[in-house]
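Colleague: Just need the structure, nothing else, for what follows:
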Amino acid sequence: MAKDDKKKKEKSDDVVDLASRIGARPTGEQPPAKPGPPSPPAEPHVTRLDAPIPSAPKPRLIPTREDREQSAMIQKAMIEETSAPQPAIPSPRTAPGPGETDLVVTPLPTPDDWHRFELALRKVRGVGQLRTEYYRHGVLKVRVSYQGTDRLATALRAGVPGYRVRVIGEDRATLQILVTSEAEERRPG
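Modeller: Presented below is the predicted three-dimensional model:
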């Protein structure tokens, strides 16, 4: 018999405890193991960064920064809404007085255009004092005192020198107009 055959016979005759090989508890009664030296205190568990990622339930979705900011603003608004109302902030703006009209002019893309339009507006018959309320993003609001036989809209349509005026809205105290300079009309576009 060869050596290999002897090994195979020996292995087949022996009973092998596979449970002990894979780390399971022994099933039979065995003498208690000798107590070994005391184990050192357990070190805090260190998470390895190169270890496989443990499977865990999927975390909740964290809202984006914009969503968190918006929800914070909503919460703040709800709290402010339920609290006592604050006193109104005094505003220097008042309603137009007798003989005054708020004139809202657009488009005046640059401050130079705004200034040129104001100079041209002063030349209209019946227009007195001009007071600029604001100029933002090409929109000019001017308080105009006007003394004339016609309405201010009619006077503006007839003659702001250098500008063509189109009225887009009018009420008792406000006049909204679109302006086009004659220089722009002449440019090939």
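
Colleague: The lengthiest strand in the chain: which residues count as buried?
Modeller: Among the elements of the chain assigned as strand by DSSP state E, the one spanning the most residues is strand 127-136. Within strand 127-136, the residues that qualify as buried are V127, Y135, counting by 16 or more other Cβ atoms under 10 Å. For the C-beta atoms, the positions are set from N, CA and C on the backbone; glycine is no exception.

Colleague: Output the contacting helices and strands for it.
Modeller: Other elements packing on strand 127-136 under the criterion 3 or more Cβ pairs under 8 Å, 6 or more residues apart in numbering; DSSP states H and E are helix 111-122, strand 139-146.

Colleague: Could you identify which of the ones you listed is most buried?
Modeller: Here the criterion is mean neighbour count by mean count of other Cβ atoms under 10 Å, and of the helices and strands packed on strand 127-136 the winner is strand 139-146, at a mean of 19.

Colleague: quick one: average confidence on it?
Modeller: The average pLDDT within strand 139-146 is 93.

Colleague: Next secondary structure element downstream of it?
Modeller: The first helix or strand that comes after strand 139-146 along the chain, using DSSP states H and E, is helix 152-159.

Colleague: Quick check: mean pLDDT of that next one?
Modeller: Along helix 152-159, the predicted confidence averages to a pLDDT of 89.

Colleague: repeat for stretch 15-26
Modeller: Averaging pLDDT along stretch 15-26 yields 67.

Colleague: ok, which stretches of the chain are helices?
Modeller: Taking DSSP state H as the test, the helices found in the chain are 3-13, 18-21, 65-82, 111-122, 152-159, 182-186.

Colleague: mean pLDDT lowest for which of these?
Modeller: Considering the helices of the chain one by one, the lowest average pLDDT is found for helix 3-13, at a mean of 58.

Colleague: what's near enough to touch G128?
Modeller: When contacts are counted by Cβ atoms under 8 Å, 6 or more residues apart in numbering, G128 is found next to G99, V144, S145, Y146, Q147.

Colleague: want to throw those into CSV with distance to P44?
Modeller: What follows is these, written out as CSV (distance: Cβ to Cβ, whole Å):
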residue, distance to P44
G99, 84
V144, 78
S145, 81
Y146, 83
Q147, 88
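
Colleague: so which of those comes closest to E80?
Modeller: Distance ranking of these against E80, using Cβ to Cβ, places V144 first at 38.1 Å.

Colleague: what bridges to the closest one?
Modeller: Beta bridges link V144 to T101, L130, judged by DSSP bridges.
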